[in-house]
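In: heads up, no residue letters with this:
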């Protein structure tokens, strides 16, 4: 049972994939202990480009929205979200 909870807790609360030409990024919000982490990674997950940690979920979701908005303004398009 613990193993199932551990996997579920690692699942992002929000994840959007974006594309610009042949490049893809993933922007996500995850729960990390008692905090929330917003990160931007290359689509393959090999390189983390950005990370912020927040104490409150609202702050994390607002930062995610701002990042996605900035990326879209630079020509990135949304491929998937969940």
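Out: Received, thanks. What you see is a predicted model, and the numbers here were worked out from it, not measured in a lab. Numbering: from 1, shown residues only.
In: pull the longest strand from this structure.
Out: In the chain, with assignment by DSSP state E, the single longest strand is strand 23-32.
In: what's in contact with the helix or strand following it?
Out: Where DSSP states H and E defines the elements, the next helix or strand beyond strand 23-32 is strand 35-42. The contact list for strand 35-42, computed with C-beta atoms under 8 Å, 6 or more residues apart in numbering, reads 13, 23-31, 47-57, 59-60, 63-64, 67. The C-beta positions use only the backbone N, C-alpha and C, and glycine is treated the same way.
In: Distance from the longest strand of the chain to the middle of the chain?
Out: Centre-to-centre, strand 23-32 and its host chain are 2 Å apart (C-alpha atoms, centre = their mean, to the nearest Å).
In: got the angle between it and strand 35-42?
Out: Put simply, strand 23-32 runs at 170 degrees to strand 35-42, going by axes from the mean of the first three to the mean of the last three C-alpha atoms, to 10 degrees.
In: Can you name the residues in contact with strand 23-32?
Out: Under the contact criterion C-beta under 8 Å, 6+ apart, strand 23-32 has outside partners 9-19, 36-43, 45, 49, 53, 57, 60-61, 64, 67-68, 71, 76, 79.
In: Among those residues, name the ones in strands.
Out: Those of the contacts of strand 23-32 mapping onto strands are 14-19, 36-42, 49, 53, 79, per DSSP E.
In: so where's this protein shaky on pLDDT?
Out: 1-9 (pLDDT under 70).
In: residues of stretch 63-81 that come out buried?
Out: For stretch 63-81, the neighbour count (16 or more other C-beta atoms under 10 Å) marks 63, 64, 67, 68, 71, 76 as buried.
In: I meant to write stretch 49-67 there.
Out: For stretch 49-67, burial by neighbour count (16+ other C-beta under 10 Å) applies to 54, 60, 61, 63, 64, 67.
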